[in-house]
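A.B. asks: Model the structure of this input:
(chains A and B)
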Amino acid sequence: SQELEQSPQSLIVQEGKNLTINCTSSKTLYGLYWYKQKYGEGLIFLMMLQKGGEEKSHEKITAKLDEKKQQSSLHITASQPSHAGIYLCGADRGGNTGKLIFGQGTTLQVKP
Amino acid sequence: NAGVTQTPKFQVLKTGQSMTLQCAQDMNHEYMSWYRQDPGMGLRLIHYSVGAGITDQGEVPNGYNVSRSTTEDFPLRLLSAAPSQTSVYFCASSYEHGLSGNTIYFGEGSWLTVV
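C.D. replies: Sure, this is the predicted structure:
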């Protein structure tokens, strides 16, 4: 089983709709990263959360880390075709080593 | 500033061949790591380094070697390629991690097929 569980594994939404992707850990998250990947390309950094209750936004994407630091959500408002791709959450388990553990990814399709 | 550069982008190997995936960063980052990405499994850590001369194993190190002779470079060596090593490989780097919360930068990936 994955240390980080993402849900849903895939998502198809109509353009303009809102959506949420969740990332859940059984252990405390010292840092939680969200990346986006287009098929066949590298990872694009979206946001990084460290503090319990922290929330960050960039354009139409908002990420939150819950107070217990065991779950994060990524919310996209008014989705566009450009939001399509694979969203990955990565967790820092501590130890100050630059290592991340990743969830299995959520594939998002946005229908025009 | 090129960021994290990986080469080659695509490679086909025969079983038993050896090769090296190159990774270089020009941001003077201490931390570098290699991941492999397989369908339905996200990214898994192969090896990582916290500075020149220091390397350690990640989740899936078998069949791979690394070295870190300089801050800039972190090559990944496949000693005797196997079909199970067919994957997409990503190199990543960052400044001091953890409390400082610095961004981890990824290369564009190397697509490796072992036949």
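
A.B. asks: which stretch of helix or strand covers A:Lys69?
C.D. replies: For A:Lys69, there is no enclosing helix or strand under DSSP states H and E.

A.B. asks: per-residue pLDDT, it?
C.D. replies: If you check A:Lys69, the pLDDT there is 80.

A.B. asks: again, but for B:Pro39
C.D. replies: 82.

A.B. asks: ok, how many other residues are close to it?
C.D. replies: Residues within reach of B:Pro39, counting by other C-beta atoms under 10 Å in any protein chain shown, total 9. Quick note: C-beta positions are derived from backbone N, CA and C, even for glycine.

A.B. asks: ok, now which ones touch it?
C.D. replies: Under the criterion of C-beta atoms under 8 Å, 6 or more residues apart in numbering or on different chains, B:Pro39 has no neighbours.

A.B. asks: mind checking the SS state of it?
C.D. replies: coil (DSSP: H, G, I helix; E, B strand; the rest coil).

A.B. asks: Enumerate the residues of chain B near chain A.
C.D. replies: Taking C-beta under 8 Å from any C-beta of the partner chain, the part of chain B that reaches chain A is made up of B:30-33, B:35, B:40-45, B:48, B:50, B:56, B:58-59, B:90, B:92-94, B:96-99, B:101, B:103-109.

A.B. asks: now do 6 Å
C.D. replies: For chain B, the contact set with chain A under C-beta under 6 Å from any C-beta of the partner chain comprises B:31, B:33, B:40-43, B:45, B:48, B:50, B:94, B:97-98, B:101, B:103, B:106, B:108-109.

A.B. asks: From these, which land in strands?
C.D. replies: Counted as lying in strands by DSSP state E, out of those, are B:Tyr31, B:Ser33, B:Leu43, B:Leu45, B:Tyr48, B:Val50, B:Ser94, B:Phe106.

A.B. asks: Mind telling me the two of those residues farthest from one another?
C.D. replies: Using C-beta to C-beta, the two most remote members of these are B:Leu43 and B:Val50, lying 18.8 Å apart.

A.B. asks: I'd say B:Gln37 and B:Val88 touch.
C.D. replies: Yes: B:Gln37 lies in contact with B:Val88 (C-beta atoms under 6 Å); the separation is 4.5 Å.

A.B. asks: residues in contact with the closest residue to B:Glu108 other than its chain neighbours?
C.D. replies: Excluding the flanking residues, the one nearest B:Glu108 by C-beta to C-beta, 6 or more residues apart in numbering or on different chains is A:Gly42, at 3.8 Å. By C-beta atoms under 6 Å, 6 or more residues apart in numbering or on different chains, the residues touching A:Gly42 are B:Phe106, B:Glu108, B:Gly109.

A.B. asks: I'd like the residues you listed as JSON lines, with pLDDT appended.
C.D. replies: JSON lines is the format used below for those (pLDDT from 0 to 100):
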{"residue": "B:Phe106", "pLDDT": "90"}
{"residue": "B:Glu108", "pLDDT": "91"}
{"residue": "B:Gly109", "pLDDT": "93"}
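
A.B. asks: Who wins on neighbours among those residues?
C.D. replies: Result: B:Phe106 is most packed of these (other C-beta under 10 Å), 25 neighbours.

A.B. asks: My read is that that residue contacts B:Tyr89, right?
C.D. replies: No: using C-beta under 6 Å as the test, B:Phe106 is too far from B:Tyr89 to be in contact (10.8 Å).
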